[in-house]
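Asks: What follows is a predicted structure for the sequence shown.
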Amino acid sequence: MTSLSDFGEKYRQHLAILNYAPGTIKGHRFFLNRFFKYLAELNITELTAVTRDVAKDYQTHLYEELNKKGEPNSVFHQNNNLKAVKAFFRFLCENKYLAGDPAKDITYAKTPKRLPRSILSGPEAKKVIHAPDTKTALGYRDRTILEVLYSSGIRRQEVINLLLTDVDYHEGYVRVNSGKGDKDRVVPLGKIACRYIENYVKAV
């Protein structure tokens, strides 16, 4: 009879074959071991004994559990635990170790929306943008990059990947290729950013 820990090891090998990062694999194993511990407390040692009710009760357990600080687990932490469990059972079903997935229909807890904590004020943003010394070539380049970031809101890696053919500083837009979600999109550019790009291309 194959133990739960043996199936856990099979799942670890599966993630390794798929080239998951070591940290990701370690995280999955950590959360799975917590789940296995919960099952052991219920005297559940076989996979077939894990029903939807058991999986649902585990979600409730995560909600009611107190962490080391004596505080309830965050929704993010609860969902991370559940995510590992759902992925584990999906693997078991896909590889015919189980006939049915007890965690398939269990939905994640709704994550509360939060505003970003580190947002620059207007004066702070201007201070950052004006920091480069535009009398030097590198300084002018950095100022141009900051103007593009500030004007368009595109990501750092997207700026790094930009080509001259992606930018139209006459019409005021930039084409982002293979951005978030591997999707292309066209983003408007402000006049100041366009002027810096044009000056940089033509004169710097």
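Replies: Nice, I can see it.

Asks: Flag the shaky bits of this protein, pLDDT-wise.
Replies: Of all residues in the chain, those with pLDDT under 70 make up the ranges 1-2, 114-117, 180-181.

Asks: Show me where it has its strands.
Replies: Ranges of strands in the chain, per DSSP state E, are 167-168, 173-176, 185-188.

Asks: Which one, of these, ends up nearest to residue 90?
Replies: strand 185-188 (31.7 Å; Cβ to Cβ). The way it works is simple: take the backbone N, C-alpha and C, and place the C-beta from them, glycine included.

Asks: Tell me which other helices or strands that closest one touches.
Replies: Under the contact definition 3 or more Cβ pairs under 8 Å, 6 or more residues apart in numbering; DSSP states H and E, strand 185-188 sits against strand 173-176.

Asks: Please work out which residues outside the strand it packs on touch it.
Replies: For strand 173-176, the external contacting residues (Cβ atoms under 8 Å, 6 or more residues apart in numbering) are 148, 152, 154, 158, 162, 166-168, 184-189.

Asks: Could I get the buried residue list for stretch 128-139?
Replies: Using 16 or more other Cβ atoms under 10 Å as the test for burial, stretch 128-139 gives 129, 132, 134.

Asks: Can you verify my assumption that residue 102 contacts residue 49?
Replies: No: contact criterion Cβ atoms under 8 Å: residue 102 and residue 49 do not qualify, at 9.7 Å.
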